[in-house]
Each structure stands twice: as structure tokens, then as C-alpha cells.
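[1] Generate a structure from the sequence data that follows.
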Amino acid sequence: MSDPIVPTTPSSVAFSALTASADGRASSPTTPVALSLSDLSAFADAIVSKAIAKLEAARPAIVEEVIHSGPLTIDLLGHDVVVDGRPINLKPREFGLLAALAGNLGRVLSRGQLLRLAWPLSLCESVSERTVDVHIRRLRLKLGEGAGLIRTVGGSGYKLARLAITRRHQP
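    Numbers count the residues shown, from 1 in each chain. A predicted model of the protein is given here:
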């Protein structure tokens, strides 16, 4: 039977070494260390926080552009939506969904993809994919005549239809 690991490094030093390892600056401690559950939990939290920060930073930036599709006009930077000349007041998640669909014109996005694009990454795991359905329904109600541009693709997700689409970059 092997001997148990004996703590030879103070817990705070061990945690510092593990955190440095999470940053990629160092490898794990060279001396045997027994860590408390709170140290391991803090280490896991540090890794998750760093991963979320990296994913947030990797999200594509929205370029200045206005997207037109049939009666629908979307100003991605101004967060303005107009249907047949009538401004539409959207909540942040509704606009996020519409912007995600507009940024992927004609492409089907799954509920999971829409969650990752329109919700903060820190909430994606705690939000049900069916939440997307509820927000899409509300978005369609607000879009009125433009509602038909958001198409449901059975078993796959949603897409914004390509109807007389032009992309115009703003100066």
C-alpha cells in the first residue's frame, strides 16, 4: 500500500502554483501537496473564469453595417431596427438574436448557437435552449410584417431569410 501524500507546501503556496499553472506560466508544484477542497474549488473557478474571458474576447466584433432584408432594416452598431419605415423597440436579447441571425444571413443557426451568440457566455450553461424559442416568438410579434423573415428550420434551428438583401458599410 502506498503512503498518503503529505503536505510539504503551505496551502496558499500550492494554490499560487496551481493558479500560475492555470495561466500557463508554470507547471504544477514539484513537491507533493495536499490541497483542501476549497483550494481545488478556487482553482477550478479560476480556470473557468479564464476560459470564459478568452471566449468572450474571441467573439467576432460587429463591423459598422446596416443590413436590409425585404421590409427589415437592422443597424448593428446603432441597435436600431426598422420595419417598413417603422422603428421597432427591441429588448437586448431580442436584438442580440436578430443580430446573430442577420450576421449569418440564410444560414441555419441551432438554438445552442443562438444562445452562445446572443447571451453572455457566463449564462449559456444555465439557460434552457427553449428560451430561444420564447425570445424568437416575442421578436416575431414585434417585427410584425417582418416576422416572416425569421424562418424555423424543423429540427435544426432558425435563419433569417435572404430577401433583396444588401449590406451597406457605413463610413
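
[2] While we're on Ile165, how confident is the model there?
    For Ile165, the pLDDT comes out at 45.

[3] Correction: the previous question concerned Leu121.
    pLDDT, Leu121: 68.

[4] Find the residue ranges of the protein scoring beneath the pLDDT cut-off.
    By pLDDT under 70, the low-scoring segments of the chain are 1-35, 54-64, 121-124, 126, 163-171.

[5] one more time with 80
    The chain contains residues with pLDDT under 80 at 1-45, 48-64, 120-129, 162-171.

[6] Apart from its neighbours in sequence, what residue is nearest Asn89?
    Lys142 (7.4 Å; CB to CB, 6 or more residues apart in numbering). In this view, the C-beta of every residue, glycine as well, is placed from N, C-alpha and C.

[7] Same question for Leu117.
    Spatial nearest neighbour of Leu117, excluding adjacent residues (CB to CB, 6+ apart): Ala100 at 3.8 Å.

[8] tell me the SS of that neighbour?
    The three-state label given to Ala100 by DSSP: H, G, I helix; E, B strand; the rest coil is helix.

[9] residue contacts, it?
    Applying CB atoms under 8 Å, 6 or more residues apart in numbering to Ala100 gives the contacts Leu109, Gln113, Leu114, Leu117, Ala118.

[10] what ranges do the helices span in this protein?
    For the chain, the helices defined by DSSP state H occupy 11-22, 37-58, 92-102, 111-118, 121-124, 130-143.

[11] correct me, but the residue nearest to Asn89 touches Pro87?
    No - the pair Lys142 / Pro87 is not scored as a contact, 10.8 Å apart, by CB atoms under 8 Å.

[12] Could you check which of the two has the larger neighbour count?
    Neighbour tally, Lys142 and Pro87, criterion other CB atoms under 10 Å: the higher count belongs to Lys142, 16 against 10.

[13] What's the separation between that one and Ala53?
    Applying CB to CB, to the nearest Å, the value for Lys142 to Ala53 is 33 Å.

[14] got the contacts of Ala100 as JSON lines, with distance to Thr131 and neighbour count columns?
    JSON lines is the format used below for those (distance: CB to CB, whole Å; neighbours: other CB atoms under 10 Å):
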{"residue": "Leu109", "distance to Thr131": "14", "neighbour count": "23"}
{"residue": "Gln113", "distance to Thr131": "14", "neighbour count": "17"}
{"residue": "Leu114", "distance to Thr131": "10", "neighbour count": "24"}
{"residue": "Leu117", "distance to Thr131": "13", "neighbour count": "18"}
{"residue": "Ala118", "distance to Thr131": "10", "neighbour count": "22"}
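
[15] Looking at those, which is nearest Ser156?
    Nearest to Ser156, judged by CB to CB, of the contacts of Ala100 is Leu109 at 8.6 Å.
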